[in-house]
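Enquirer: here's a sequence, model it:
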Amino acid sequence: MASDSPVILTEQGKEGLEQELHKLRSEKHPAVAHRIQELTSDGDVSDNSEYEETKEELVIIEARMREIEHILRRAKVVARGEATDVVQFGSTVTLRDEYDETDTWTLVSPQEANTLRGTISTESPVGAAVMGKRVGESVVVSAPGGDTTFTIEKVE
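Expert: Numbers count the residues shown, from 1 in each chain. Prediction:
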């Protein structure tokens, strides 16, 4: 059963989900549905792998649309608090590891986390470890490959 608890999002995260839903509804779903119509108009589709794959693609698109709609119905947009040196939801934090390498992440909800876009979940091991910490503090994050120590260099 799907949860009805609120989903905390940044304004950018909510806008991104709304844009994704719009694209799915207005572009992807109609295009795939049209492709299914084309394939069925060609006759027997009982042994047609392209038809089966296209049907599966439509199911995935419809499931994602339902998921986004459910998230948006429960969305609670939370603005980042007053700028401080304390890591909080919506903060952009620069971390330095023990090898002197740095990474910069924005802390967001699990529903909008995307490492390719530079966002990580507040519930991820790194996100959870740095929440509430200040610039200059260090945290140890346990991972399958071993523990890593991060020092908070900057909070925006």
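Enquirer: quick one: contacts of stretch 115-133?
Expert: Stretch 115-133 is contacted by residues 86-89, 93, 95, 104-110, 112-113, 139-143, 150, 152 when judged by Cβ atoms under 8 Å, 6 or more residues apart in numbering. Any C-beta I mention is one placed from the backbone N, CA and C, and that applies to glycine too.
Enquirer: again, 10 Å this time
Expert: Under the criterion Cβ atoms under 10 Å, 6 or more residues apart in numbering, residues 8, 10, 12-13, 16, 85-93, 95, 103-114, 137-143, 148, 150-152, 155 lie in contact with stretch 115-133.
Enquirer: narrow those residues to those in helices?
Expert: Secondary structure from DSSP state H places 12-13, 16 of the contacts of stretch 115-133 in helices.
Enquirer: which helices and strands sit right next to the host helix or strand of residue 51?
Expert: Under the criterion of DSSP states H and E, residue 51 resides in helix 49-74. Applying 3 or more Cβ pairs under 10 Å, 6 or more residues apart in numbering; DSSP states H and E, one finds that helix 49-74 contacts strand 7-9, helix 11-23, helix 29-41.
Enquirer: circling back: narrow the ones in helices among the contacts of stretch 115-133 to those that are buried.
Expert: Buried subset of the ones in helices among the contacts of stretch 115-133 (neighbour count, 16 or more other Cβ atoms under 10 Å): 13, 16.
Enquirer: show me the shaky parts of the chain.
Expert: For the chain, the stretches with pLDDT under 70 are 1-2, 80-83.
Enquirer: in it, where's the longest strand?
Expert: Counting by DSSP state E, the longest strand found in the chain is strand 146-155.
Enquirer: that one: partners in the sheet, and parallel or antiparallel?
Expert: strand 92-97 (antiparallel), strand 138-143 (antiparallel) (DSSP bridges).
Enquirer: right, I'll leave it there.
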